[in-house]
Each structure stands twice: as structure tokens, then as C-alpha cells.
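>>> what shape does this take:
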Amino acid sequence: MKNLPNPVHWFEIPVLDMKRARQFYETVLDASLQPRDMDPWEMAFFPMAEGAAGTTGCLVKSAGYTPSHAGTLVYFSIADIEETLATVQAHGGKTITPKTSIGEHGFIAHFQDSEGNRVGLHAYR
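Have a look, this model is predicted:
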């Protein structure tokens, strides 16, 4: 990975109930996820723009994918942490770490999604 400015290419968030998880993320992130069945994986892809900075990924339901608080933590860039955490709470998730300053780099927060995963938020205000 020498000299790669943004080495993360893809992420997958494990889910137990695809319909519930898709509705949760579409509401919390105000985004449309595209469902795909790629036997043996049931997936819902987050939006992406070809050639743009950043990365994307999907929700995935399949054997061997178990939601968890442990392990890798995915952060979503959002405009307003408090507003997003309120939406999380209203749709079956819960705040784990409230809005916390990370100095000149903005703010972070962690929440538990509808499936039991720990997920991060990042905002500059």
C-alpha cells in the first residue's frame, strides 16, 4: 500500500434482516441503497460516484457475516452529528459515543445500528 493516499477500497456491513437494515440506513443517511442478490450474498449497495474521492460499500447478509460491536469501525461523513444521532435513535439504533471533538479534524460519534453493529460518524461541525 506504499504511497496510496486513500487505501480503503470497499466495506461491508453485516446484517441479519436486510429489509430492516436497508430501511435504517436509507433513513439515517438520507440515501438510496441499491439491492442486489449475488447468491449466496444478499446485498444493498451504498451510493457511489465513479472517479470521485472516497469509497463505498454495502450491507451484506450471508453465512459467516455477523453483526458486531468488535472489529473494524466504518465512519460515514455527514453534515450534522446531533441530527443524525436523533434519526438513529428514532429508527431503532442507539448512541454509543455522543458527539466528541477530535480537535482541528472535527467531531466523531458512534452508534449501534438496527442490526447490532457499531458504526462511526464524522463531521467538521
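>>> only C-alpha atoms from now on, for both contacts and neighbour counts.
Noted.
>>> and residue 12, which helix or strand is it part of?
Secondary-structure element containing residue 12, defined by DSSP states H and E: strand 10-14.
>>> give me the residue ranges of the protein where confidence is low.
1-4 (pLDDT under 70).
>>> I figured residue 42 hits residue 58, correct?
No: taking contacts as CA atoms under 8 Å, residue 42 lies outside contact range of residue 58: 9.8 Å.
>>> so for those two, which sits in the more crowded spot?
More crowded of residue 42 and residue 58, by other CA atoms under 10 Å: residue 58, with 21 against 16.
>>> report all helices and strands that the strand holding residue 12 contacts.
The contact analysis (3 or more CA pairs under 8 Å, 6 or more residues apart in numbering; DSSP states H and E) places strand 10-14 against strand 56-61.
>>> adjacent strands (with direction) for the strand it packs on?
Strand pairing for strand 56-61, determined by DSSP bridges: strand 10-14 (parallel), strand 41-45 (antiparallel).
>>> indicate which one of these is closest to residue 119.
strand 10-14 (9.1 Å; CA to CA).
>>> quick one: distance of that closest one to the chain centre.
Put simply, strand 10-14 sits 8 Å off its chain's centre (CA atoms, centre = their mean, to the nearest Å).
>>> over to stretch 109-119?
8 Å.
>>> check stretch 101-113 too.
14 Å.
>>> what comes into contact with that stretch?
21, 24, 69, 81, 85, 88, 92-100, 118-125 (CA atoms under 8 Å, 6 or more residues apart in numbering).
>>> quick revisit: got a markdown table for the strands paired with strand 56-61, with distance to residue 34 too?
As requested, the strands paired with strand 56-61 are exported to a markdown table (distance: least, CA to CA, whole Å):
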| stretch | distance to residue 34 |
| --- | --- |
| strand 10-14 | 14 |
| strand 41-45 | 5 |
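>>> in this protein, which spans are helices?
18-29, 81-90 (DSSP state H).
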